[in-house]
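Novice: Prediction below, plus the sequence it came from.
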Amino acid sequence: MYKNSWIISRKNMAKNKGSKHHRIPTDLIAPCGMNCRLCYAFEREKNPCPGCRGDDSLKMKSCLTCNIKNCELIAGGTLKICHGCEFLPCTRLKNLDKRYRSKYGMSMLENLKTIEAEGISSFIRKEIEKWSCPECGELLCVHKPACEECGYKWNQAAT
Ligand code: SF4
Ligand code: SF4
Ligand SMILES: [Zn+2]
């Protein structure tokens with residue numbers, strides 16, 4: 001459902017410039033702290049991924065076999081998100097965090113810390129501020145070094 005509302009919001013982007021018009025449903029924040037709204041797979045037109053908490057039948061194999069999604073504490077329903085876990089940061093999260101920090105300038109562990117300290121709503125507000133393109137206001141994709149809408153190069157290290 002929310003996917004459609006995003007498509008509409010993208011169409012209206014020209015008149016709705018600016019971060020205050022963006023919305024990121026809490027369901028798009030994955031257990032590991034990833035903001036699936038910023039993922040290339042969520043953004044793509046063909047076979048978009050519904051996000052980690054979405055319908056498994058629509059996801060890529062790599063997401064279905066993710067060792068965090070399949071952690072027994074998450075998959076078994078004990079925890080909805082890793083920040084309450086006594087094993088945090090476990091090796092799986094440390095590895096993912098390291099990869100994302102070096103490749104995309106984003107930290108799952110920092111995300112989880114913010115969620116723990118300030119709550120999910122505050123985290124989402126900060127995400128919208130942080131990831132809105134300073135040139136056109138559209139949300140950036142963490143996996144792409146430039147804004148898809150206006151070409152602004154936000155990740156100079158990757159260009
Ligand atoms: S591919 Fe993985 S990170 Fe990307 S939206 Fe889907 S579940 Fe989230
Ligand atoms: S932090 Fe805890 S809940 Fe999250 S993947 Fe590691 S062991 Fe599982
Ligand atoms: Zn832009």
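Specialist: Received, thanks. Ligands and ions are numbered 1, 2, ... in the order given.
Novice: any idea how far Lys130 is from Gly105?
Specialist: 11 Å (Cβ to Cβ, to the nearest Å). In short, each C-beta sits where N, CA and C put it, glycine included.
Novice: thought Ala158 was touching Pro145?
Specialist: Yes. At 3.9 Å, Ala158 and Pro145 qualify as touching, with contact defined as Cβ atoms under 8 Å.
Novice: Please say which of those two ends up with more neighbours.
Specialist: Pro145 (17 against 13; other Cβ atoms under 10 Å).
Novice: Grab the nearest non-local neighbour of the residue most central in space within the chain.
Specialist: In the chain, the centroid-proximal residue (Cα atoms, centre = their mean) is Asn35; its distance is 1.6 Å. Counting by Cβ to Cβ, 6 or more residues apart in numbering, Glu127 is the residue found nearest to Asn35 once chain neighbours are left out, at 5.4 Å.
Novice: try Glu149
Specialist: Glu138 (4.2 Å).
Novice: Tell me which residues of stretch 105-125 come out buried.
Specialist: Met106, Ser107, Met108, Leu109, Asn111, Leu112, Lys113, Thr114, Ile115, Glu116, Phe123, Ile124 (16 or more other Cβ atoms under 10 Å).
Novice: So what touches it?
Specialist: 24, 26, 29, 32-35, 38, 81-84, 88-89, 93-94, 96-97, 100-101, 126, 142, 155, 157 (Cβ atoms under 8 Å, 6 or more residues apart in numbering).
Novice: again, but for stretch 63-70
Specialist: Here stretch 63-70 has contacts from 30-32, 41, 49, 52, 56, 74-75, 82, 92-93, 96, using Cβ under 8 Å, 6+ apart.
Novice: Residues of the chain that sit close to ligand 1?
Specialist: Ala30, Met34, Cys36, Cys39, Ala41, Phe42, Cys49, Gly51, Cys52, Lys59, Met60, Cys63 (Cβ under 6 Å from any ligand atom).
Novice: Please name the residues that touch the first one.
Specialist: This points to Ala30. Cys36, Gly51, Cys52, Arg53, Ile68, Lys69.
Novice: Against ligand 2, how distant is the last one?
Specialist: Between Lys69 and ligand 2 the distance, using Cβ to the nearest ligand atom, to the nearest Å, works out to 9 Å.
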